[in-house]
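[1] model this:
(one chain, ligands or ions: 1)
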Amino acid sequence: MLTSLRALPRAACRLSSINLFHGRSRQNYATEAKIPINIMEVGPRDGLQNEKGVIPVDVKVELIEKLGLAGCQLIEAGSFVSPKWVPQMAGTGEIISRMHRLPDVHYGVLVPNQKGLEGLLSVLNSYNASPDSDSTPPPSDEISIFTAATDAFTRANLNTSINESLAKLAPVAKQALDKGLRVRGYVSVAIVCPYTGQVDYKKVREVAKELLNMGCYEISLGDTVGRGTPTQVAEMLEEVKKELPVERLAGHFHDTFGTAVANVFTALEHGVRTIDSSVGGLGGCPYSPGATGNVATEDVLYALKNSKYTVIGTEYGKGTIDLDKMTEIGWWISEKLGRESISRAGRALRAKKIRDAEMVADGEVRAKL
Ligand SMILES: CC(C)(COP(=O)([O-])OP(=O)([O-])OC[C@H]1O[C@@H](n2cnc3c(N)ncnc32)[C@H](O)[C@@H]1OP(=O)([O-])[O-])[C@@H](O)C(=O)NCCC(=O)NCCSC(=O)C[C@@](C)(O)CC(=O)[O-]
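    Modelled structure (predicted):
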């Protein structure tokens, strides 16, 4: 069983030694204890919910299975939302029942209301009536409930106000916890709202606190529009951290203005230890006009290389998440959607692989001459 981030003692995460290098003090990240980071892979949910065309269930199942085999330990597999509001998420029950599930992987689903939870519980009841085998985990062990930091966005996304959404979500969270599910919370538009502009960070803190008090183990703060800068992320986190423990916060950054990787690092430097990201940079919220996808998982993995952080993954990724496999998955799903991967690291790595293969082929031809 792999050690989870939450089980690690703080001392194990602390950087200790400082090496001298060219007369300047410099930390040797290769040999020191690294700070463990969780990645919540949201590609199958946030990534696919905004697609125009119909994505076959088989493709969604295969995507989730591939992500598990690349080492992802936290995968958001779909949503139990109204198919009238978000048609791409229809069929989540079938997907989570059919997909091959791995031990040590948490498969979460988004739930907006009581009806969504009932949808999930009916899938779980069917599974419990005839479980696949003792070693196969249930279709899902986690729900994410969601609201936002502005009434305008909450109205657009959930057809209700912030306060009404919180009142509706509290019993959903309680019932899910009573059923033994983990509950995660999202606060959307934590920096900028597409309808009302700059967000009041005190409101982000208040809403996040409400979700935490409902029993959420973690609150993901979303730059839904992808317009946030590192300075804004820092200011927002400073405000939220006044009342909430940073270990309970996650960062969710869309990459509309190309600041998402910088925002990830800002969040990490402020103590956030879980980052939401999406393979191939897929995604966007249907109610956040103009926003592009989440920060690409490949870009985050690449940027964290040789840093003081290490991404926690399962044995399938040898304890981390395998960047090469994620690059292949990013290209595979993008091609299924009729386009190229938009992950910068994914594109560069694929191009390098092609160049390397051409050089090998060239060398073989020369050797024969
Ligand atoms: C919450 C509602 C349903 C309210 O929408 P409403 O229209 O007020 O709901 P309603 O209770 O009046 O029901 C309307 C119809 O939907 C059905 N319905 C009602 N609930 C469900 C359900 N759970 N599952 C399936 N069906 C449902 C219900 O049965 C009824 O069907 P009808 O009688 O008309 O045939 C709607 O607003 C909704 O589904 N919203 C979800 C929107 C969404 O999924 N947005 C994207 C996810 S959030 C996001 O992407 C941001 C995030 C998390 O990634 C972080 C970030 O980037 O910031």
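
[2] up against the ligand, what does the stretch 1-150 of the chain have?
    Applying C-beta under 6 Å from any ligand atom, one finds that the stretch 1-150 of the chain approaches the ligand through 46, 49, 79-82, 84-86, 110, 112-113, 115-116, 119, 146. Where you see a C-beta, it was placed from the backbone N, CA and C, and this is true even at glycine.

[3] for the chain, just list every one of the strands.
    Under the criterion DSSP state E, strands of the chain are mapped to 19-21, 24-26, 35-41, 74-79, 106-110, 142-148, 182-188, 192-193, 197-198, 218-223, 249-253, 274-277, 309-311.

[4] turn these into TSV, columns for mean pLDDT and mean neighbour count.
    Below are the strands of the chain laid out as TSV (pLDDT from 0 to 100; neighbours: other C-beta atoms under 10 Å):
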stretch	mean pLDDT	mean neighbour count
strand 19-21	37	10
strand 24-26	49	9
strand 35-41	98	23
strand 74-79	98	27
strand 106-110	98	24
strand 142-148	98	25
strand 182-188	98	25
strand 192-193	97	23
strand 197-198	98	11
strand 218-223	98	28
strand 249-253	98	26
strand 274-277	98	28
strand 309-311	98	21
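
[5] with distance to residue 208 added, can I get those in a markdown table?
    Shown next, in a markdown table, are the strands of the chain (distance: least, C-beta to C-beta, whole Å):
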| stretch | distance to residue 208 |
| --- | --- |
| strand 19-21 | 39 |
| strand 24-26 | 36 |
| strand 35-41 | 16 |
| strand 74-79 | 19 |
| strand 106-110 | 17 |
| strand 142-148 | 10 |
| strand 182-188 | 5 |
| strand 192-193 | 16 |
| strand 197-198 | 18 |
| strand 218-223 | 5 |
| strand 249-253 | 7 |
| strand 274-277 | 14 |
| strand 309-311 | 23 |
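
[6] ok so, going back, among the residues of the stretch 1-150 of the chain next to the ligand, which pair sits farthest apart?
    The most widely separated members of those are 46 and 115, with 20.6 Å between them, by C-beta to C-beta.

[7] neighbour count: the two, which is higher?
    In this view residue 46 and residue 115 are compared by other C-beta atoms under 10 Å, and residue 46 has more residues nearby, 27 against 12.

[8] from residue 76, how far out is the nearest residue to that one once chain neighbours are set aside?
    Spatial nearest neighbour of residue 46, chain neighbours left out: residue 283 (4.5 Å); criterion: C-beta to C-beta, 6 or more residues apart in numbering. For residue 283, the distance to residue 76 equals 11 Å [C-beta to C-beta, to the nearest Å].

[9] which neighbours do the two have in common?
    Counting by C-beta atoms under 8 Å, 6 or more residues apart in numbering, the common neighbours of residue 283 and residue 76 are 42, 46.

[10] from what I can see residue 257 touches residue 226, true?
    Yes - between residue 257 and residue 226 there is a contact under C-beta atoms under 8 Å: 6.0 Å.

[11] the more surrounded of those two?
    Using other C-beta under 10 Å as the criterion, residue 257 and residue 226 rank with residue 226 on top: 25 against 15.

[12] from memory that one sits against residue 292, does it?
    Yes - using C-beta under 8 Å, residue 226 is in contact with residue 292, at 5.9 Å.

[13] overlap in contacts, those two.
    Both residue 226 and residue 292 are in contact with 254-256, where contact means C-beta under 8 Å, 6+ apart.

[14] of these, closest to residue 335?
    The shortest approach to residue 335 among those belongs to residue 255, at 20.1 Å (C-beta to C-beta).

[15] and the residue of the stretch 201-350 of the chain closest to the ligand?
    The ligand sits closest to residue 222 of the stretch 201-350 of the chain, with a gap of 2.6 Å, by C-beta to the nearest ligand atom.

[16] what is that residue paired to in the beta sheet?
    Legend: beta-bridge partners of residue 222 under DSSP bridges are residue 252.

[17] so who does it touch?
    Residues near residue 222 by C-beta under 8 Å, 6+ apart: 186-190, 252-254, 276.

[18] again with residue 241
    Listed by C-beta under 8 Å, 6+ apart, the contact set of residue 241 reads 249, 270-271.

[19] perfect, that will be all.
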